[in-house]
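> Kindly generate the corresponding structure for this input.
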Amino acid sequence: MTETITIERMGYGAEAVGHLPDGKTVFVEGGAPGDVASVEVVEDKPTFARARIAKLEQPGACRVMPKWAEPAASGAAPWQHIAYDAQLEAKRANVVAALARTGGFGDAAAELVAPCLPSKRQWGYRNKLELGAQWDAKGTFNLGFHQEGSPDVMQALSCPLAHDAIAKAPKALRGALRYLQGSDDLGIFRVGVRTSVRTRETEIALWTRPSGFPRAAAAKMLKSSLKATSVVRVIADPGKARKIKGLEVLDGKGCWQEQLLGARYVAHAPSFFQVNTAQAEKLMEQAIRMLGGNVGEDGPEGLDGLLVADLYAGCGTFGVAMARAGADVIAVESAASSVRDLRRNADENYVDIDVIGGDAARELPELGGLDALVVDPPRAGLADGVPADIAAARPGRVVYVSCNPATWARDVCRFEDVGYRLERVQPVDLFPQTYHVELVSCFVRG
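Predicted coordinates:
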């Protein structure tokens with residue numbers, strides 16, 4: 001079935017949104033707001049449909065020529081055919097929609113959500129690439145990007161989203177690892193690459209199943225392929241759980257360093273670190289300001305004497321910044337590698353942070369009275385009961401950083417239920433050419 005429709009907006013996902021002549025909502029792959037297109041319905045559900053563009057009758061005003069022509073771009077840069085200003089508007093609109101619907105704020109949502117802060121780099125902004133590894137049916141080793149909803153790996157020669165130092169990593173590492181392995185499967189299922197234009201360090205992390213491994217040969221080959229300052233092997237079982245069984249330094253420093261707001265951070269695989277360095281600084285600046293501080297020429301300031309808890313603290317992105325601004329910081333993190341990096345980063349930047357290695361939900365009730373709290377949970381948002389536990393600690397202000405507007409909006413309701421009012425929301429674009437958006441929000445007690 002083919003219908004001619006007008007694309008209305010971008011949803012929170014790769015697809016654009018329109019309506020079929022009968023009024024049913026339709027999600028269209030590759031659509032852009034304002035497009036008039038003949039679409040072929042490929043999936044028809046009772047309440048919605050999915051379609052592909054059979055013929056673009058008239059392109060919308062915000063449609064642009066894509067920069068990345070490889071098939072892998074459909075998953076890695078699904079919004080690259082949309083002008084950047086329109087991407088920013090769509091990301092803010094998705095945050096507003098989540099707050100209005102899931103959060104129950106209705107028309108008042110738009111008043112609370114600020115314009116999305118743009119990224120200075122619209123391409124070449126990523127300091128990290130995550131590459132999936134897979135042997136195909138013909139016995140060929142492939143390295144590339146996982147497509148959303150699929151276990152298959154799609155090869156790519158390069159990734160224009162990444163900094164120049166690692167933009168050609170997919171091709172370079174695929175060739176190196178094919179030569180290293182020959183016809184033998186060394187158990188490699190994932191490869192991570194991180195680089196910094198500020199510290200000029202590059203790290204390659206090979207994720208492999210537990211088995212014998214040619215450490216010296218791998219180190220020599222990979223170091224030369226990308227001029228890496230560190231090559232490590234993360235020993236783990238494949239799958240979502242990815243239980244880490246060991247870490248081996250094959251060459252170099254065994255870690256990677258980055259600079260944020262004048263502070264130096266170290267990260268050891270598999271510790272998490274934000275992939276857009278400049279925009280991560282904007283997240284930090286917003287969080288500091290929402291707590292009542294500021295970021296001056298010498299770095300964060302103005303939080304003297306404030307007792308702040310940093311939940312899901314990672315390797316200390318926010319915790320170190322708050323401590324440098326004068327706050328007394330209690331940081332809670334469950335991942336062992338991140339806890340170690342957090343302690344190192346506090347020492348490296350000459351700040352005192354009370355580091356607790358444990359689950360935020362379990363540790364929170366023991367923290368006592370707090371002046372403020374910063375929480376940056378994973379995409380699933382806060383666990384049941386955490387907002388109530390936060391309320392029991394009675395912080396006057398809560399800063400919530402999120403990468404998922406849907407789960408964040410759900411948690412907004414929970415905070416409202418326990419006596420915290422949403423004051424403002426600041427979206428920040430860390431991921432140009434994609435639908436993903438980070439946001440920093442502020443809640444006040446009473």
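> any chance you could map the helices in the stretch 251-400 of the chain?
For the stretch 251-400 of the chain, helices defined by DSSP state H, counting those that start in this stretch occupy the ranges 277-290, 317-324, 336-348, 360-363, 386-393.
> Would you mind telling me which of the ones you listed is nearest residue 61?
Checking the helices of the stretch 251-400 of the chain against residue 61 by CB to CB gives helix 277-290 as the closest, at 26.5 Å. Every C-beta, even on glycine, is put in place using the N, C-alpha and C of the backbone.
> Pull that closest one out as PDB, backbone CA atoms only.
In PDB, the C-alpha atoms belonging to helix 277-290 read as follows (Å, rounded to 0.1, in the frame of the first residue of the first chain):
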ATOM      1  CA  THR A 277      34.400  16.400  25.500                       C
ATOM      2  CA  ALA A 278      33.400  20.100  24.800                       C
ATOM      3  CA  GLN A 279      29.700  19.300  25.400                       C
ATOM      4  CA  ALA A 280      30.500  17.400  28.500                       C
ATOM      5  CA  GLU A 281      31.900  20.700  29.800                       C
ATOM      6  CA  LYS A 282      28.600  22.300  29.100                       C
ATOM      7  CA  LEU A 283      26.800  19.600  31.100                       C
ATOM      8  CA  MET A 284      29.200  20.300  34.000                       C
ATOM      9  CA  GLU A 285      28.800  24.100  33.800                       C
ATOM     10  CA  GLN A 286      25.000  23.800  33.800                       C
ATOM     11  CA  ALA A 287      25.100  21.400  36.900                       C
ATOM     12  CA  ILE A 288      27.400  23.800  38.800                       C
ATOM     13  CA  ARG A 289      25.200  26.800  38.000                       C
ATOM     14  CA  MET A 290      22.000  24.900  39.000                       C
END
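> quick check: angle from it to helix 317-324?
Helix 277-290 and helix 317-324 are oriented at 50 degrees to each other (axes from the mean of the first three to the mean of the last three CA atoms, to 10 degrees).
> Residues touching helix 277-290, excluding its own?
For helix 277-290, the external contacting residues (CB atoms under 8 Å, 6 or more residues apart in numbering) are 117, 119-121, 125, 127, 196-198, 258-261, 274, 294-295, 300, 302-303, 317-318, 321-322, 325, 374, 397, 399, 401, 423-424, 426, 428-430, 438, 440, 442.
> Drop anything exposed from these.
Among these, those buried by neighbour count (16 or more other CB atoms under 10 Å) are 117, 119, 125, 127, 196, 258, 260-261, 274, 295, 300, 302-303, 317-318, 321-322, 325, 374, 397, 399, 401, 426, 428-430, 438, 440, 442.
> pLDDT score assigned to residue 360?
Per-residue confidence for residue 360 comes out at a pLDDT of 84.
> quick one, what contacts the closest residue to it other than its chain neighbours?
With sequence-adjacent residues excluded and distances taken as CB to CB, 6 or more residues apart in numbering, residue 360 is closest to residue 311, at 4.2 Å. Counting by CB under 8 Å, 6+ apart, residue 311 touches 332, 360, 364, 373-377.
> Any figure for the gap between residue 311 and residue 336?
Computed as CB to CB, to the nearest Å, the residue 311 to residue 336 distance reads 17 Å.
> Same question for residue 140.
For residue 140, the distance to residue 336 equals 36 Å [CB to CB].
> again with residue 303
If you measure residue 303 against residue 336 using CB to CB, the figure is 28 Å.
> and if you look at residue 34?
Distance from residue 34 to residue 336, by CB to CB: 49 Å.
> quick one: terminal-to-terminal distance for stretch 115-132?
End-to-end distance for stretch 115-132: 34 Å, by CA to CA, to the nearest Å.
> Stretch 248-259 now?
End to end - CA to CA - stretch 248-259 spans 25 Å.
> who are the neighbours in contact with residue 156?
Residues in contact with residue 156 (CB under 8 Å, 6+ apart) are 70, 72-73, 76, 144-145, 170-171.
> Mind picking the one among the residues you listed that's closest to residue 109?
The nearest one, if we look at the contacts of residue 156 relative to residue 109 and count by CB to CB, is residue 76, at 30.1 Å.
> For that closest one, which non-adjacent residue is spatially closest?
If the residues on either side of it in the chain are set aside, residue 76 comes closest to residue 145, at 5.2 Å by CB to CB, 6+ apart.
> After whichever strand or helix holds that neighbour, which helix or strand is next? Please name it.
Residue 145 is part of strand 141-146, with elements assigned from DSSP states H and E. As assigned by DSSP H and E, the chain's next helix or strand after strand 141-146 is strand 153-155.
> Which strands and helices lie in contact with that next one?
strand 128-135, strand 141-146 (3 or more CB pairs under 8 Å, 6 or more residues apart in numbering; DSSP states H and E).
> and residue 34, what does it touch?
By CB under 8 Å, 6+ apart, the contact list for residue 34 reads 6-7, 59-63.
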